[in-house]
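> My questions are about this predicted structure, shown below with the sequence.
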Amino acid sequence: MESFVYYAPTEVIFGRGAEEKTGKAVKKWGGTRVLLVYGGESAKKSGLLGKIQKELEEENIVWKGLGGVKPNPRLSLAEEGVKKALDMQADFILAVGGGSAIDTAKGIAHGTANPDLNLWDIWTEKAPLTKSLPVGVVLTISAAGSEMSDSAVLTNEKIGRKKGLSTEFNRVKFAIMDPELTYTLPKYQVTCGIVDIMMHTLDRYFTHSKGNEMTDEIAQGLLRTVIRNGRKAFENQRDYQAMSELMWCGSLSHNGITGLGAQKDFGPHKIGHELSAKYDVAHGASLSAVWEAWAEYVYMEEPERFAKYAGSVWDIREEDPVQAAKLGIKATVDYFRSLHMPVSIGELEIGVRPEEELKDMAARATGNDTFTVAKFKELHQKDILEILKKANH
């Protein structure tokens, strides 16, 4: 095991009716003037937003709303939220939704606490982040894991760049998790979430770090749990047991615990971000579309690691590590297909792309080859281009 520091301070309030504790949770964590950040009409139509607003009012908490969060959350909306939060003198940001709402809320919190700094400068780490406002979450989608992670992602739509920021200031104070809030999601959002949860662990699992037994066991167990319950949720997303397991796996998959003591890779995520930034495709779909191409490109760096994954997660009994690795990759891709998820760029709604566009994405991912991406196999611009070409069918 390599050295690590682990810190996961988020209070988790889990179970049926957990959202009824939102007002008290905000009050506990010092909120008196709250900006409520959410997506579209679904939160209103379901009655959830009204319920949360009532919860705040019962605790004498002043609130204002900011709707309009979209997948691949926009920098411009976060900047609008900063202005609104400053105008109302907000001291707490509350997100109702999934990763996009949460990441937008994190961005608003950083910008509001640092009104003299440009938010994109904070996000690109040109300006140091030394303080932020507290953030709370009412989770409605099991996917991004942002409710317990130290990371967040925003898309600067003006320049077509999607970028993540990791900082301890991204840790939210509390996360309300009621699996029943995920019952009415479109099936595609559920399956995109399943892929994202798996990828947050897979991007940590494929590492050259050795002697990481406990972390490996946690990661393998989480992956098996997601695979098993993902099948059940695909058939019936009102299966409370399946949806509750997925919700908790989503949080654990991205709070750091599945990769402790090892190098993180995140190659597929970096490549997927370029697809999302350029074409606004769903994040989970961008990941399933490139994973097979990435895995086939890198597995010979250490086929034994892929073989361990094949045996521990998919119960593949093959002594030759190269053959086992190939079977493990195939099993993963077949699983994505079983959920009706795209496994190539051509299966995305954007279709097969011209090579010039692939070159542009490879250049953006590596800053025109000024830095490499990933750790299991360091990826230069030419490597990412080859992976995109493999996936482009």
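All right, it came through fine. Residues are numbered from 1 along each chain as shown.

> contacts and neighbour counts: CA atoms only from here.
Noted.

> thought Glu19 was touching Ile52?
Yes - the pair Glu19 / Ile52 is scored as a contact, 7.3 Å apart, by Cα atoms under 8 Å.

> can you tell me the helix or strand for the most centrally placed residue in the chain?
By Cα atoms, centre = their mean, the mean C-alpha position of the chain lies nearest to Ala144, the distance being 2.7 Å. Using DSSP states H and E, no element contains Ala144; it sits outside every helix and strand.

> now swap in the one 10 residues further on and tell me
Following DSSP H and E, the helix or strand that holds Leu154 is strand 151-156.

> tell me what that strand is packed against?
Counting contacts by 3 or more Cα pairs under 8 Å, 6 or more residues apart in numbering; DSSP states H and E, strand 151-156 is packed against helix 75-87, helix 99-113, strand 161-166.

> What lies in contact with it?
Contact partners of strand 151-156, identified using Cα atoms under 8 Å, 6 or more residues apart in numbering, comprise 72-76, 102-104, 106-107, 120, 146, 161-167, 170-171, 277.

> one step back: quick one: closest of the helices and strands packed on strand 151-156 to Glu41.
helix 99-113 (13.4 Å; Cα to Cα).

> Pull out the buried residues from whichever helix or strand comes after that closest one.
Once the chain leaves helix 99-113, the next helix or strand it forms, by DSSP H and E, is helix 119-123. For helix 119-123, the neighbour count (16 or more other Cα atoms under 10 Å) marks 119-120, 122-123 as buried.

> more crowded one of Glu19 and Ile52?
Glu19 (23 against 20; other Cα atoms under 10 Å).

> Show me just the buried residues among the contacts of strand 151-156.
72-76, 102-104, 106-107, 120, 146, 161-163, 165, 170-171, 277.

> Next, find the distance separating Ile197 from Phe234.
In this view, Ile197 and Phe234 are 15 Å apart by Cα to Cα, to the nearest Å.

> the more surrounded of these two?
It is Ile197, of Ile197 and Phe234, that has more neighbours when counted by other Cα under 10 Å, with 27 against 20.

> from what I can see, that one looks like it's in a helix, true?
Yes - remark: Ile197 belongs to a helix, assigned using DSSP: H, G, I helix; E, B strand; the rest coil.

> residues contacting it?
Going by Cα under 8 Å, 6+ apart, the list of residues near Ile197 reads 142-145, 226, 249-250, 253-254.

> Could you measure from Gly230 over to Arg224?
When Gly230 is compared with Arg224 (using Cα to Cα), they lie 10 Å apart.

> Between the two, which has more neighbouring residues?
Using other Cα under 10 Å as the criterion, Gly230 and Arg224 rank with Gly230 on top: 24 against 16.

> what separates the host helix or strand of that one from the chain centre, distance-wise?
If you go by DSSP H and E, Gly230 is part of helix 213-235. Distance, stretch centre to chain centre, for helix 213-235: 16 Å (Cα atoms, centre = their mean, to the nearest Å).

> What of stretch 157-173?
With Cα atoms, centre = their mean, you get 11 Å for stretch 157-173.

> CA-only coordinates of that stretch in PDB, if you can.
Only the C-alpha atoms of stretch 157-173 are listed here, as PDB (Å, rounded to 0.1, in the frame of the first residue of the first chain):
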ATOM      1  CA  GLU A 157     -19.400  26.600 -23.000                       C
ATOM      2  CA  LYS A 158     -17.700  29.700 -24.500                       C
ATOM      3  CA  ILE A 159     -14.500  27.800 -25.200                       C
ATOM      4  CA  GLY A 160     -15.900  24.200 -25.300                       C
ATOM      5  CA  ARG A 161     -13.900  23.000 -22.300                       C
ATOM      6  CA  LYS A 162     -15.100  20.600 -19.600                       C
ATOM      7  CA  LYS A 163     -12.800  20.600 -16.500                       C
ATOM      8  CA  GLY A 164     -12.800  19.000 -13.100                       C
ATOM      9  CA  LEU A 165     -11.500  20.600  -9.900                       C
ATOM     10  CA  SER A 166     -10.400  18.600  -6.900                       C
ATOM     11  CA  THR A 167     -10.200  20.300  -3.500                       C
ATOM     12  CA  GLU A 168     -11.300  19.700   0.000                       C
ATOM     13  CA  PHE A 169     -13.500  22.700  -0.300                       C
ATOM     14  CA  ASN A 170     -15.700  20.500  -2.600                       C
ATOM     15  CA  ARG A 171     -16.700  18.400   0.400                       C
ATOM     16  CA  VAL A 172     -20.400  19.000   1.200                       C
ATOM     17  CA  LYS A 173     -21.700  19.200   4.700                       C
END
